[in-house]
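Engineer: Kindly generate the corresponding structure for this input.
(3 chains)
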Amino acid sequence: MSDAASYNFAYLDEQTKRMIRRALLKAVAIPGYQVPFASREMPMPYGWGTGGVQVTASVLGADDTLKVIDQGSDDTTNAVSIRKFFERTAGIATTTHTSEATVIQTRHRIPEAPLGEGQILVYQVPIPEPLRFLEPRETETRRLHALEDYGLMHVKLYEDIARHGHIATTYAYPVKVDGRYIMDPSPTPKFDNPKMDMCPALQLFGAGREKRIYALPPYTKVVSLDFEDHPFEPTKFDRGCALCGSEGIYLDEVVTDDRGGRMFVCSDTDYCESRRAEATEGGHALHEVPR
Amino acid sequence: MIAPADHPLLVAEGLTKHYGPHLGCADVSLEIHEGEVVAVVGESGSGKSTLLGLLSTQLLPNSGSIRYRMRDGEARDLFALGEAERRFLLRTDWGFVHQDARLGLRMGVSAGGNVGERLMAVGWRNYGRIRAEAESWLERVEIARDRIDDRPDTFSGGMRQRLQIAKNMVTRPRLIFMDEPTGGLDVSVQARLLDLIRGFVNDYGLAAVIVTHDLAVARLLSHRIVVMRHGRAIETGLTDQVLDDPREPYTQLLVASILQA
Amino acid sequence: MSANPVMIRLDAVAKTFVMHLRGGARLPVVAGVSFEVRGGECVVLGGPSGTGKSSILKMIYGNYRADGGRIDIHGPAGWVDIARAVPRSVLSLRKSTIGYVSQFLRVIPRVGALDVVAASARESGLDETAARTRAASLLDMLNVPERLWSLPPATFSGGEQQRINIARGFAAERPILLLDEPTASLDATNRAAVVGLIEARKRAGAAILGIFHDEDVRDRVADRVIDVAKFAPEAPGR
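Structural biologist: Numbers count the residues shown, from 1 in each chain, chains lettered A, B, ... in the order given. The predicted model follows:
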């Protein structure tokens, strides 16, 4: 493709990448701390992952293999266009297989297949500040982080229990990083929170509109906040995937017709496909797809 | 012997605060002992709110110092405290009741969440215990237990003030600052609030600094009174003595201006 | 009686009001006030009205400032000069040592009559039950109808309020009792009840200093009368 020649590698100029890498280094050095950075205009609207794209652009090398998922899926418009964007501007290899990827940009999910050392997971983050819900002033939230003054975070969980009888927060569930900073894990479902804990991969978070970067270095302790008598519980599904039969994974509800028909399938499309491929190779029957 | 032999809780010396060319408060010195209620009276602009801001370390003085005897018995220079220590003090051993409850409460958070906040901030992590403690404090400020999950924006003015007091009292502070706590309330609602404050002062040995322009409130609640004018403490002493035998011309004017019911 | 200890000692006490709202006019009230009151005696301040009797009581209570002289009070930890004591010290003496009864009740909103009286008894060290029992017996003695006991005195008649105030003053058994016309405008039955209370406090060894315009009451309770006229300041503007 000749398009790559029209741009600097991975779209951003080298000065900008250096600036972002400095922010990333600082973020890695202080796990969970939100580092301000000079977010650039990107050729896509805010909310489409501009923060994640800038982080990805800054860490990509020519040998990297990129995977992009949106809600676990490799084939949504957002995932496809970001993948295409880097194919054209960086000329790098892309994949949909979690295990083959060296860099994975994600919106809202962590792949089901365990990540390994050497992999980088880049999160697109809309609102990086976990305290924003209760404290609108940025000056004050920054002071609260600085002073480790986190009573407010539990007030939010308290309100949940008071209103719903249990902690009803199911995504963007706040975590404490390395015993110090409270972090918003972006709008990932709380189902994925345990995967962040002691993860061998490097996890980077980019918020384009809010101009913040934060990070979890490999093997960082990540604890979901809770109460002694209302402990954190990841979402559990009382069934398996309708397509591949896997259990203990995150399911999406899919409406199959206009008569109320629906089914629950893996949100991680690559995982689902791999399971089904294995099943075929192993000679097992596929689960029937309802029609 | 003159005074009962104990050490003051708070000693302020020479507090001075300028706002640009304007004087907020000049050379005010004050001691507060445990269980002592001090009323700061004066008209608008007399510097009483500035003094309260300085004493509660929400404002920094241009000069002067405040020493406070912490719970461990050690007297510390408040303006030399680290920010974290200062905040910890503010939400454990101190309380602050604002005239406008919206400044002291989180209006979008339930009454229980408001009262529980300080407990969670000091490390309480058991929902059931936090809730039980919040319920008991709501009861003590005469708010029905079944209002625990209601937000303060559904409360009347008097209830909001009582909720503010509960929110402050839950960590059993030794010193509480109040800025016109009864301002803007109906007389009957005022009476209930004053009665509550009086009760807490008696039952918990609470010390308080109350800023008010209402001399009747000062007489009912305070042991000592400080009369402020043009940023200075012009007269100070036993409350009933200052009100019944005022010495300074301005204090005499102030006392003579009270409407008799 | 002279074996009893001196509880109140005034030495050259003077009081002048300066009326700033009237161009700084000086209004001398008393000067050179010197006397003692011992435990177990009732001393009455006599003389026509306007001679500063009430001001003397108020200075002893710390309610008015003294402009000169000493007012020594025998407190639990020794002598304290009220004229120079810090506010906390005055408040502490009021709690432990000096009771004051005037004919005017300063009402506390929302607190019932019995609670007002019991609170005073508690201040002097009685426990909750004993304080309430004592409060009830005093209200009963002063003929305050029982249906009023739980109500805040704000709505009571002047006479009822006055009796609540007397009950409050006698509820705490303090070693010094200052009485500023407690019987003014009481009927004969209640006057007699107050006289009974004063006599009981005297027998218990309290030092009592009072002002009584009612000659009948004064004659029954007074051991000595001090004519306050002799403390009149020499001339205005002194």
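Engineer: Show me what the lengthiest helix in chain C is packed against.
Structural biologist: In chain C, assigned by DSSP state H, the helix with the most residues is helix C:188-203. If contacts are counted by 3 or more Cβ pairs under 8 Å, 6 or more residues apart in numbering or on different chains; DSSP states H and E, helix C:188-203 sits against helix C:128-141, helix C:158-171, strand C:176-180, strand C:207-211, helix C:215-221. All C-beta spots, glycine's among them, are computed from the backbone N, C-alpha and C.
Engineer: If you count neighbours, what's buried in that helix?
Structural biologist: C:190, C:191, C:193, C:194, C:195, C:197, C:198, C:201, C:202 (16 or more other Cβ atoms under 10 Å in any protein chain shown).
Engineer: Which residue ranges of the chain form helices?
Structural biologist: Just so you know, I chose chain A. A:3-6, A:14-29, A:50-59, A:77-90, A:138-146, A:151-164, A:193-196, A:269-281.
Engineer: wait, chain B
Structural biologist: B:48-55, B:83-92, B:101-104, B:111-121, B:127-140, B:157-169, B:187-204, B:215-221, B:239-244, B:249-256.
Engineer: Make CSV from those and add mean neighbour count to it.
Structural biologist: Output for these, formatted as CSV (neighbours: other Cβ atoms under 10 Å in any protein chain shown):
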stretch, mean neighbour count
helix B:48-55, 24
helix B:83-92, 16
helix B:101-104, 17
helix B:111-121, 26
helix B:127-140, 18
helix B:157-169, 24
helix B:187-204, 17
helix B:215-221, 21
helix B:239-244, 22
helix B:249-256, 18
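Engineer: Which of those helices comes out lowest on mean pLDDT?
Structural biologist: Mean pLDDT per stretch puts helix B:187-204 lowest among the helices of chain B, at a mean of 86.
Engineer: Tell me who's in contact with the nearest residue in space to residue A:146 that is not next to it in sequence.
Structural biologist: The shortest distance from residue A:146 to any non-neighbouring residue, by Cβ to Cβ, 6 or more residues apart in numbering or on different chains, is to residue B:83 (7.8 Å). Applying Cβ atoms under 8 Å, 6 or more residues apart in numbering or on different chains, we find residue B:83 in contact with A:143, A:146, A:147.
Engineer: Tell me, how many residues neighbour the last one?
Structural biologist: Applying other Cβ atoms under 10 Å in any protein chain shown, we find 15 residues neighbouring residue A:147.
Engineer: Now do the spatially closest residue to it that is not a sequence neighbour against chain C, distance only.
Structural biologist: Spatial nearest neighbour of residue A:147, chain neighbours left out: residue B:84 (4.6 Å); criterion: Cβ to Cβ, 6+ apart. To chain C, residue B:84 is 33 Å away according to Cβ to the nearest Cβ, to the nearest Å.
Engineer: contacting residues for residue B:84?
Structural biologist: Counting by Cβ under 8 Å, 6+ apart, residue B:84 has contacts A:147, A:148, A:149.
Engineer: tell me which of these is nearest to residue B:68?
Structural biologist: Using Cβ to Cβ, residue A:147 is the member of the contacts of residue B:84 that lies nearest residue B:68, at 19.1 Å.
Engineer: Find the closest residue to chain B in the stretch 101-250 of chain A.
Structural biologist: residue A:151 (2.7 Å; Cβ to the nearest Cβ).
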